[in-house]
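Participant: show me the folded form of this:
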Amino acid sequence: MSASFDIIVIGAGLAGLVAATEATAAGKRVLVIDQEPEQSLGGQAHWSFGGLFFVDSPEQRRMGVRDSHALALADWMGTAAFDRPEDHWPRRWAEAYVDFAAGEKRRWLYDMGMRWFPVVGWAERGGHGSVGHGNSVPRFHVTWGTGPGVLEPFVRRAREAQSRGLLHFAFRHRVDALDLENGGVVGVHGSVLADDAVERGKPSSREVDGRFQFRAQATIVASGGIGANHELVRKYWPARLGKAPTHMLCGVPAHVDGRMLDIAESAGAQLINRDRMWHYVEGIENWNPIWPMHAIRILPGPSSLWLDATGKRLPGPYWPGFDTLGTLDYLRRSGHDYSWFILDQQIIRKEFALSGSEQNPDLTGKSWLQVARRAIGKRAPAPVEAFKERGRDFIVRDTIDELVAGMNQLSGDALLDAAQIRREIQARDLQWDNPYTKDGQIMAIHNARRYRGDRLVRVAKPHRMLDPAQGPLIAVRLNILTRKTLGGLHTDLHGRVLAPDGEPLPGLYAAGEAAGFGGGGLHGYRALEGSFLGGCLFSGRTAGRAAASSLT
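Facilitator: Residues are numbered from 1 along each chain as shown. Model (predicted):
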């Protein structure tokens, strides 16, 4: 099967849909290719919590948050810590993205019908100083409708363009190579995979049923990262984060395999920053999995006590919600692939959220009634309670001795001492008896509760964890789960893929995670959260518009 189009987009996820719809808005004929079935349209974004990074938004101002472009840019650069010669374009992309987040991003999305939950979240709070990593203020805006709510305007635009004959989909088409002529990319060829009615997110068949070749004046790679390919994750695991884990869970579906990155490199594209990754340490095994090794990430408030596998309390600022990769670095040096939260019913009720559209039916389903129940109910949200009751990583007991015995039984290595953990919790409980404290985590909790949003819906009222009235006690084993690729195809500010000599490879563009969300890594070494979907939106828009304007 062969045909010609103006533009080919490889990948029907968020970045691909944005690129495709921006190009069709310019009147171009676009083909979107994806190896998955049509029911997986939208890719990873469908499963996301829908968080977006905005700067000085109306939602922030209504919550009493004072933000600015200057503060956001300082936070971004302190977090990214760009330090390599190849970081020229990633730095330029970072500057452009902060401009976008502080400028037209919200209006562009609002005009397409997108809305956001009024309480702005405070992710990646940092704690290393004013120059270092972290958000100085809350910036995590949860989209009303979560990941599907982010996708909806672009799916709608894609279907409208499809009805006009400008956009065509080729599902179950796996690209095996980029076609080159006279040093430039002129199309793709690959394998037609057998039809598969598999449920969204579940692994689909790789049985080959035919071949295809398509030509186009421009090709945009928007194929995602490597999160489900643990072989590649371990291959590029950076020495600065210690030894790669033996045991990891997976935060993304199996089709996030990284194939297109090496295929693009074989065609002459340059890949940079492949050792920059974004993996979480608060992963729990999904009791109702969709894809292999399916993990859900806990989005924790700041109050849980965090212990390593031996029962040693993590030092500041490695508290829940403060520094994802800093905590990963610290825990990798413990010699174990897991750690523990200890908390109680009051903390899990107020502070535990689970990442993922399917784990937040109230926000995904746009139900204010269910949201109200989440805020005032005596129990945690139903998905959290389901994990507490059914998840193998949860231990629920009435006393410390019983809790620690259950933790040792689950881990199988008997590293925890109940007396030591009791002393740690008792000492922390004593710090609540006055408004002052020497405990850095408690200082952080007091600071969090100064923010109206945290006090209302996110941070539990200070209390003694060993008070039976707050029980039962809960322990959660936390696993490492793979998620995002921060490096990728090296691109300039037009989304054009660069060759190793720094010149654009004619006819080739990249967007989304395949491009490190822009430039080959606009986040640098760390991320401020809410910026992954936003990076797909920005880089997809940029590449789609640039490719369309380049055509003769």
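Participant: now for S223: which residues touch it?
Facilitator: Contacts here follow CB atoms under 8 Å, 6 or more residues apart in numbering; on that basis S223 touches 10-11, 16, 175, 259-261, 512, 514. Every C-beta, even on glycine, is put in place using the N, C-alpha and C of the backbone.
Participant: change it to 6 Å
Facilitator: Contacts were defined as CB atoms under 6 Å, 6 or more residues apart in numbering; by that measure S223 touches 10-11, 260, 514.
Participant: how far off centre is the one helix or strand G190 maps to?
Facilitator: Using DSSP states H and E, G190 sits within strand 184-193. Centre-to-centre, strand 184-193 and its host chain are 29 Å apart (CA atoms, centre = their mean, to the nearest Å).
Participant: for that strand, name the packing helices and strands.
Facilitator: strand 173-181, strand 208-221, strand 504-510 (3 or more CB pairs under 6 Å, 6 or more residues apart in numbering; DSSP states H and E).
Participant: got the contact list for that strand?
Facilitator: With CB under 6 Å, 6+ apart as the contact definition, strand 184-193 has outside contacts at 8, 172-179, 208-210, 212-216, 219, 506-508.
Participant: now do 7 Å
Facilitator: Outside of strand 184-193, the residues that reach it under the criterion CB atoms under 7 Å, 6 or more residues apart in numbering are 8, 10, 33, 35, 172-180, 205-216, 219, 267, 505-508.
Participant: picking up where we left off before, restricted to strands, list the contacts of S223.
Facilitator: For the contacts of S223, membership in strands holds for I10, with DSSP state E as the criterion.
Participant: output the contacts of S223 as JSON lines; include the columns pLDDT and neighbour count.
Facilitator: Written out in JSON lines, the entries for the contacts of S223 read as follows (pLDDT from 0 to 100; neighbours: other CB atoms under 10 Å):
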{"residue": "I10", "pLDDT": "98", "neighbour count": "28"}
{"residue": "G11", "pLDDT": "98", "neighbour count": "30"}
{"residue": "M260", "pLDDT": "98", "neighbour count": "26"}
{"residue": "A514", "pLDDT": "98", "neighbour count": "32"}
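Participant: returning to what we had before: and among the helices and strands packed on strand 184-193, the most buried is which?
Facilitator: Burial among those, expressed as mean neighbours by mean count of other CB atoms under 10 Å, is greatest for strand 504-510, which shows a mean of 26.
Participant: any idea of the angle the helix or strand following that one forms with strand 504-510?
Facilitator: Moving toward the C-terminus from strand 504-510, the next helix or strand (DSSP H and E) is helix 532-550. Our comparison of helix 532-550 with strand 504-510, counting by axes from the mean of the first three to the mean of the last three CA atoms, to 10 degrees, yields an angle of 130 degrees.
Participant: what packs against helix 532-550?
Facilitator: In this structure, helix 532-550 packs against helix 14-25, strand 51-53, helix 88-102, strand 208-221, strand 504-510, with contacts taken as 3 or more CB pairs under 7 Å, 6 or more residues apart in numbering; DSSP states H and E.
Participant: packing partners for the fourth one?
Facilitator: If I follow you right, that is strand 208-221. Taking 3+ CB pairs under 7 Å, 6+ apart as contact, the helices and strands that strand 208-221 lies on are strand 2-10, strand 184-193, strand 504-510, helix 532-550.
Participant: of all the ones you listed, which lies closest to L354?
Facilitator: If you check each of the helices and strands packed on strand 208-221 against L354 by CB to CB, helix 532-550 wins as the nearest, at 17.1 Å.
Participant: other residues contacting the closest one?
Facilitator: Counting by CB under 7 Å, 6+ apart, helix 532-550 makes contact with 7, 14-16, 18-20, 22-23, 26, 28, 45, 48, 51-53, 97, 100-101, 150, 218, 220, 222, 484, 494-496, 509-512, 515, 517-518, 522, all of which sit outside it.
Participant: mind pulling up the phi and psi values for the residue nearest to T21 when sequence neighbours are not counted?
Facilitator: Distance criterion CB to CB, 6 or more residues apart in numbering; nearest residue to T21, sequence neighbours excluded, is R157 at 4.1 Å. With angles defined as degrees, to the nearest 10, R157 sits at phi -60, psi -40.
Participant: count the residues that sit near R157.
Facilitator: The number of residues packed around R157, counting by other CB atoms under 10 Å, is 19.
Participant: measure it to P148 for me?
Facilitator: Taking CB to CB, to the nearest Å as the measure, R157 and P148 are separated by 15 Å.
Participant: also S539?
Facilitator: Separation of S539 from P148 (CB to CB): 21 Å.
Participant: the more surrounded of the two?
Facilitator: Neighbour count, other CB under 10 Å: between S539 and P148, S539 has more, with 33 against 20.
Participant: any weak-confidence spans in the protein?
Facilitator: In the predicted model, the chain carries pLDDT under 70 at residues 1-2, 552.
Participant: if you set the cut-off to 90 instead, what comes out?
Facilitator: Within the chain, the ranges that satisfy pLDDT under 90 run 1-3, 368-381, 434-435, 457, 552.
Participant: residue boundaries of the helices in the stretch 201-350 of the chain?
Facilitator: 230-235, 259-266, 324-332, 345-351 (DSSP state H, counting those that start in this stretch).
Participant: can you say which of those is packed in most?
Facilitator: Highest mean neighbour count among the helices of the stretch 201-350 of the chain (mean count of other CB under 10 Å): helix 345-351, with a mean of 22.
Participant: among the helices and strands packed on helix 532-550, which is nearest R66?
Facilitator: Judging these by CB to CB, what sits closest to R66 is helix 88-102, at 13.3 Å.
Participant: what sits up against the closest one?
Facilitator: Contacts of helix 88-102 with the rest of the structure, by CB under 7 Å, 6+ apart, involve 53-56, 69, 72-73, 76, 80, 82, 490-493, 516, 518-522, 524, 534-535, 538.
Participant: for stretch 247-262, same thing?
Facilitator: 10, 35-36, 44, 175, 201, 203, 221, 223-230, 232, 271, 280, 283, 285, 291-295, 297, 337, 479-483, 488-489, 514.
Participant: out of those, which are buried?
Facilitator: The neighbour-count test (16 or more other CB atoms under 10 Å) marks 10, 35-36, 44, 175, 201, 221, 223-230, 232, 271, 280, 283, 285, 291, 293-295, 297, 337, 479-483, 488-489, 514 as buried among the contacts of stretch 247-262.
Participant: how many residues are close by P300?
Facilitator: If you count neighbours by other CB under 10 Å, P300 ends up with 23.
Participant: what does V371 give?
Facilitator: Residues near V371, counting by other CB under 10 Å, number 18.
Participant: show me what contacts it?
Facilitator: Contacts for V371 (CB under 7 Å, 6+ apart) come out as 362-363.
Participant: what helix or strand is it on?
Facilitator: In this assignment (DSSP H and E), V371 forms part of helix 368-376.
Participant: how far off centre is that helix?
Facilitator: What separates the centre of helix 368-376 from the centre of its chain is 25 Å, taken as CA atoms, centre = their mean.
Participant: for that helix, buried residues please.
Facilitator: Taking 16+ other CB under 10 Å as the criterion, helix 368-376 shows 370-371, 374 as buried.
Participant: out of the helices and strands packed on strand 208-221, which is closest to D467?
Facilitator: Comparing the helices and strands packed on strand 208-221 against D467 with CB to CB, the closest turns out to be helix 532-550 (38.9 Å).
Participant: what angle sits between that closest one and helix 14-25?
Facilitator: Between the axis of helix 532-550 and that of helix 14-25 there is an angle of 30 degrees, by the same axes, to 10 degrees.
Participant: report the angle between the axes of helix 532-550 and strand 2-10?
Facilitator: Going by the same axes, to 10 degrees, helix 532-550 makes 140 degrees with strand 2-10.
Participant: tabulate the CA atom coordinates of helix 532-550 in CSV.
Facilitator: Taking C-alpha atoms only, helix 532-550 is exported to CSV below (Å, rounded to 0.1, in the frame of the first residue of the first chain):
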residue,chain,number,x,y,z
PHE,A,532,4.9,16.9,30.3
LEU,A,533,1.5,17.3,28.7
GLY,A,534,2.3,21.0,28.2
GLY,A,535,5.5,20.1,26.4
CYS,A,536,3.5,17.8,24.1
LEU,A,537,1.1,20.7,23.4
PHE,A,538,3.8,23.2,22.8
SER,A,539,6.2,21.1,20.7
GLY,A,540,3.3,19.5,18.7
ARG,A,541,1.9,23.0,17.9
THR,A,542,5.3,24.2,17.0
ALA,A,543,6.2,21.3,14.7
GLY,A,544,2.8,21.2,13.0
ARG,A,545,2.8,24.8,12.2
ALA,A,546,6.5,24.9,11.1
ALA,A,547,6.1,21.8,8.9
ALA,A,548,3.0,23.3,7.3
SER,A,549,4.6,26.6,6.6
SER,A,550,7.7,25.0,5.1
